[in-house]
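In: Test case, fold it:
(2 chains)
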Amino acid sequence: MSPEMIDLLLKSLWETCYMVAASTILATIVGMPLGIILTVTSKGHILENKVINTILGAIVNATRSTPFIILMVAIIPLTRMIVGSSIGTTAAIVPLTISAAPFIARIIESSLLEIDPGVIEASQSMGASPMQIINKVLLPEAMHSIVLGVTLAIISLIGYSAMAGALGGGGLGDLAIRYGYQRFRMDIMIATVVILIAQVQIVQSLGNYISSKLNKTKI
Amino acid sequence: MIELQNVEKTYHSNHGDVCALKKTNLKIAAGEIFGVIGLSGAGKSTLIRCINMLETPTGGKVIVDGQELTTMKDSELRKARQNIGMIFQHFNLLACRTVYDNIAFPLEIQGMSKSVIKQKVEPLLALVGLEDRRNHYPSQLSGGQKQRVGIARALASNPKILLCDEATSALDPQTTKSILALLKDINRRLNLTIVLITHQMQVVKEICDRVAVIEDGTIIEEGTMFDLFTNPKTPTTKEFISSINNVELPEMLKNAPMSKEYLEGSRPLVRLSFIGDSAGDPLISTLIKKYDVDVNILYGNIDSIKDIPYGTLLIEINGDREHIKTAINYLHERKLKIEVIGYVS
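Out: You can find the predicted model right below:
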């Protein structure tokens, strides 16, 4: 493989990492509060509120049921408004974030709902406020499970980023299609696939490791 | 210290209303160990949760330490709850915090500084005997140790009241004993008012000063442990008493032919209960000497309720009809609790 090709691979790898990292961080910033609100407003929870829970749940479901490729095209005007362009790696972050945020919200919701109601009751009996219960009980106790969920989200974002790449977002997916597929460069195709596989492996192993370090229920 | 006035709790569901607690009145004095005993579903869980308002009563007043909790705002209630510690059947410890940090948790909630917290947690670790486990996580502890952490955590904010929700039900008998001893000890040392709910008569017998028996959301009997034990009025209470007072007949007599009435040549089976001082009388030898009957002791047991001795004896009396009759009359006159179970032939 020529040095130019290797440069190209490295550049694409960087673009993928950038897209995935930025959208994971942004989606978590949006999804975390959503997931927390979905949890605490659910039936029998500390701030039960049927109206908020139903409305928020509907929005999350609607976003999650739109296929990524359609979502990406549909929100082009919004992307242009935020980034100034609808093409390019940075522009791809907008649809990636919007599709991952509700996914992360649901992941965090299901992690938080796993917390034993008895532990929440015990905190209430000590006079903890809802905010203290969220910050000192729910989040720390669920963190190992949230980490696994976010790992899952990162991996699906790696997949989505390839799709975004095909629509002008750059990255490894874009490289595989333009060189590997359209120019019949089998070596490039194999190289990108190998890199993607390695990336997923590393992310998953890292996620498992961090989660097990945080999990004190099995020592 | 604690007063419930006409407290009731009804749950509304799609299948209709369920009344878990009917108009309940209760007064618990400071420094007392008060037990509430009942079968599952009797409403004891609801009752204890009304005391710290984890369950909001649908009617009535809850007054704790002179403050009416039922009319408080959420923020005031949270403050008031810091005066009421609570321990649970399944301990409810934070799995991701060490023993030390679990005990520190209620103090953190109150916004205390690290150094103040340390000053308060250290003696508590010593009190419950877990100094060498301070850096362990709950998953590394046994049930008894977890409950000790629960107790230390509940005591961290110097509460005046400790609520125990089936605190020993998940523990083995040996551990139950040690936890009860610890509760008794802190009750005396800190003059702590303890309210405990349980379905185990053993627990109540061991440490309670006064007891209420609850059934179908209603307190059906209430009194000192001793009154209840020696003079139960309701069938449910009798049932609970019998669970710790061995009244089962010995195996060999279970299948023996027994009649309710005296038949020629049959021998009465009598259960005697001795309480406190009467345990000192030479009863059996008097019976034998004075009434010319044979006495066969089948079962005997001496127990104590809150440190008062309480004995049970199961005897079989043999002799001719008249002698047996006068002998039983003599026992009745002695003001002992006696019960003729039947006549074995």
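In: longest helix of chain A?
Out: helix A:3-40 (DSSP state H).
In: B:E215 against B:A42, yeah?
Out: Yes: look at B:E215 against B:A42 with CB atoms under 8 Å: they come within range, at 5.2 Å. In this view, the C-beta of every residue, glycine as well, is placed from N, C-alpha and C.
In: who has more neighbours, these two?
Out: Comparing B:E215 with B:A42 by other CB atoms under 10 Å in any protein chain shown, the one with more neighbours is B:A42, at 24 against 19.
In: can you give me the strands for the stretch 151-300 of chain B?
Out: B:161-165, B:193-198, B:210-215, B:218-224, B:258-259, B:267-275, B:294-305 (DSSP state E, counting those that start in this stretch).
In: What are the contacting residues of the helix or strand of chain A with the lowest mean pLDDT?
Out: Lowest by mean pLDDT, DSSP states H and E among the helices and strands of chain A is helix A:172-175, with a mean of 85. Applying CB atoms under 8 Å, 6 or more residues apart in numbering or on different chains, the external contacts of helix A:172-175 come out as A:8-9, A:12-13, A:15-16, A:161-166, A:168, A:188, A:192, A:195-196.
In: ChimeraX command for the buried members of those?
Out: Selecting only the buried entries of the contacts of helix A:172-175 in ChimeraX, with 16 or more other CB atoms under 10 Å in any protein chain shown as the criterion:
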select /A:8,9,12,13,15,16,161,162,163,164,165,166,188,192,195,196
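In: Could you list the low-pLDDT ranges of chain A?
Out: Counting by pLDDT under 70, chain A shows low-confidence ranges at A:219.
In: Those residues of it touching chain B, which are they?
Out: A:116, A:118-119, A:121-129, A:132, A:136-137, A:140-141, A:143-144, A:214, A:216-219 (CB under 8 Å from any CB of the partner chain).
In: Is it possible to get TSV of the strands of the stretch 151-300 of chain B that adds distance to chain A and mean pLDDT?
Out: Listed next are the strands of the stretch 151-300 of chain B as TSV, based on distance: least, CB to the nearest CB, whole Å; pLDDT from 0 to 100:
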stretch	distance to chain A	mean pLDDT
strand B:161-165	8	95
strand B:193-198	13	95
strand B:210-215	21	93
strand B:218-224	23	91
strand B:258-259	49	76
strand B:267-275	39	81
strand B:294-305	30	81
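In: Helix or strand next in line after the longest helix of chain A, which one?
Out: helix A:50-65 (DSSP states H and E).
In: packing partners for that following helix?
Out: Where contact means 3 or more CB pairs under 8 Å, 6 or more residues apart in numbering or on different chains; DSSP states H and E, helix A:50-65 is packed against helix A:3-40, helix A:89-113.
In: Pick the most deeply packed of those helices.
Out: helix A:89-113 (a mean of 23; mean count of other CB atoms under 10 Å in any protein chain shown).
In: wait, doesn't B:N25 sit right on B:N6?
Out: Yes: B:N25 is in contact with B:N6 according to CB under 8 Å; the separation is 6.4 Å.
In: could you point out the longest helix in chain B?
Out: Chain B, longest helix under DSSP H: helix B:173-190.
In: Now residue 79. Nearest residue, chain neighbours left out?
Out: Picking chain A for this. A:V94 (4.3 Å; CB to CB, 6 or more residues apart in numbering or on different chains).
In: not quite, I wanted chain B
Out: A:G127 (6.5 Å).
In: Surely that neighbour is in a helix?
Out: No: using DSSP: H, G, I helix; E, B strand; the rest coil, the assignment for A:G127 is coil, not a helix.
In: OK, contacts around it?
Out: B:L77, B:R78, B:K79, B:A80, B:R81, B:Q82, B:P106, B:I109, B:Q110.
In: Neighbours of the fifth one, how many?
Out: One way to gauge burial is a neighbour count; for B:R81, by other CB under 10 Å, it gives 24.
In: my guess is it meets A:S129, correct?
Out: No: between B:R81 and A:S129 there is no contact under CB under 8 Å: 11.0 Å.
In: circling back to that earlier point, which SSE is immediately downstream of the least confident helix or strand of chain A?
Out: According to DSSP H and E, the helix or strand after helix A:172-175 is helix A:186-214.
In: Quick one: residues in contact with the helix or strand hosting A:M131.
Out: Using DSSP H and E, A:M131 sits in helix A:130-132. Helix A:130-132 has contacts (CB under 8 Å, 6+ apart) with A:V40, A:I46, A:L47, A:S123, B:I109.
In: ok, the residue lying closest to B:K184 once chain neighbours are set aside - contacts?
Out: Nearest non-adjacent residue to B:K184, counting by CB to CB, 6+ apart: B:I207, 5.1 Å away. By CB under 8 Å, 6+ apart, B:I207 lies in contact with B:I33, B:G35, B:L180, B:L183, B:K184, B:N187, B:I194, B:L196, B:K306.
In: Then B:N83?
Out: B:V64, B:D65, B:S157, B:P159, B:K160, B:I161.
In: ok, now with 7 Å
Out: Contact analysis of B:N83 by CB atoms under 7 Å, 6 or more residues apart in numbering or on different chains lists B:D65, B:P159, B:K160, B:I161.
In: Now B:T326: which helix or strand?
Out: helix B:321-333.
In: before we move on, which element is the spatially most central residue of chain A in?
Out: Nearest to the mean C-alpha position of chain A, by CA atoms, centre = their mean, lies A:A153 at 3.8 Å. Assigned by DSSP H and E, A:A153 belongs to helix A:139-164.
In: In that helix, which of the residues would be classed as buried?
Out: For helix A:139-164, a neighbour-count test (16+ other CB under 10 Å) marks A:139-155, A:157-158, A:160-164 as buried.
In: Show me how far it is from its chain's centre.
Out: Helix A:139-164 sits 5 Å away from the centroid of its parent chain (CA atoms, centre = their mean, to the nearest Å).
In: How many residues are close by A:P77?
Out: 9.
In: Quick check: it is in a helix.
Out: Yes: the assignment for A:P77 is a helix, going by three-state DSSP.
In: Relative to chain B, how far out is it?
Out: Applying CB to the nearest CB, to the nearest Å, the value for A:P77 to chain B is 44 Å.
In: check contacts around that residue.
Out: Per CB under 7 Å, 6+ apart, neighbours of A:P77: none.
In: Could you count how many residues lie near the residue of the stretch 151-300 of chain B found nearest chain A?
Out: Of all residues in the stretch 151-300 of chain B, the one sitting closest to chain A is B:S157 (7.3 Å; CB to the nearest CB). B:S157 has 19 neighbours, counted by other CB under 10 Å.
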